[in-house]
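1. what's the 3D shape of this:
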Amino acid sequence: MKYVLLGLLGAIIGAAAACAALVFNPFDDRPHTAGLIAGFGADASGELRLTSGTVLASTHEGRIPAPGLAPSILAEPAIGGVLAELIELNDSTGAPAGYAAHIAVLAERSNLLRGELLVDGHWSVWLPGNGSLFIAEERNLWPLARRVVLPMHYRREDFAGPWTFVATTGPTRSGYGEVIGASGGLAGERGTVMTIPTLERWPRDGLPEHHSELRIAFRRR
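-> Purely as a prediction, here's the structure:
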């Protein structure tokens with residue numbers, strides 16, 4: 001019995017240490033949020049700021065608690081870990097600007113011990129009267145899980161914001177997303193991309209209130 005109790009105690013201590021390593025992970029120290037926002041587009045020829053509006057349609061496995069997620073038009077295990085959305089976009093004044101199709105896939109290279117809950121995404125952005133943009137982006141959602149989701153789960157309390165963070169971490173070496181193609185009036189444009197979500201509040205028994213800003217900085221030609 002003594003060895004059984006010692007084994008259980010060891011398991012409990014090990015589990016507690018693992019949880020502490022995840023929640024207080026030194027590799028997840030990301031004080032660079034303000035610096036990323038301030039330095040974004042410093043040498044750009046122009047900048048476009050778009051804000052997410054209504055999610056018009058979505059496709060997922062049916063169990064993703066994504067902010068503002070519309071009912072899935074196709075929910076099945078075969079597309080587990082994949083989220084596809086059709087989103088309205090507004091300009092910096094709040095006026096309608098266009099639409100975006102966004103596809104996101106959980107990345108197998110994620111490593112929670114390094115503070116990585118990575119999502120690979122691609123955007124097709126349509127801006128009537130201006131053209132279209134095609135964007136590749138890597139996001140790290142671990143700060144959201146660490147700061148919001150885990151405390152909500154273990155403390156059993158609502159989240160009260162606002163809280164803003166930079167979700168984009170690549171695929172460029174500078175830590176930004178990338179415009180990989182363009183058409184129409186934007187043909188030939190290239191640049192970097194940054195997504196900045198702001199979470200206002202998230203009741204445990206409901207969906208979160210949030211918005212995301214998509215910033216696009218065009219390179220000088």
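
2. Surely residue 115 is in contact with residue 142?
-> Yes - taking C-beta atoms under 8 Å as the contact criterion, residue 115 and residue 142 are neighbours in contact, 5.1 Å apart. Just so you know, the C-beta spots here come from the backbone N, C-alpha and C atoms, and that holds for glycine as well.

3. which one of these two has more residues nearby?
-> In this view residue 115 and residue 142 are compared by other C-beta atoms under 10 Å, and residue 142 has more residues nearby, 24 against 19.

4. What residues sit buried inside stretch 87-104?
-> 87, 89-90, 97-100, 102, 104 (16 or more other C-beta atoms under 10 Å).

5. Could you do stretch 177-189 as well?
-> Those would be 177-182, 186, 189, for stretch 177-189 by 16+ other C-beta under 10 Å.

6. From the contact counts, what lies against the strand ranked longest in the chain?
-> Among all segments of the chain classified by DSSP state E, the strand with the greatest residue count is strand 44-59. For strand 44-59, the helices and strands in contact under the criterion 3 or more C-beta pairs under 8 Å, 6 or more residues apart in numbering; DSSP states H and E are strand 82-90, strand 96-106, strand 209-219.

7. So for it, mean pLDDT?
-> When pLDDT is averaged over strand 44-59, the result is 84.

8. Please identify the buried residues of that strand?
-> Within strand 44-59, the residues that count as buried by 16+ other C-beta under 10 Å are 44, 48-53, 55, 58-59.

9. List the buried residues of the helix or strand hosting residue 132.
-> Secondary structure assigned from DSSP states H and E places residue 132 in strand 131-140. Within strand 131-140, the residues that qualify as buried are 131-133, 135-140, counting by 16+ other C-beta under 10 Å.

10. Parallel or antiparallel, list what pairs with that strand.
-> For strand 131-140, the paired strands and their directions (DSSP bridges) read strand 118-127 (antiparallel), strand 168-170 (antiparallel), strand 177-183 (antiparallel).
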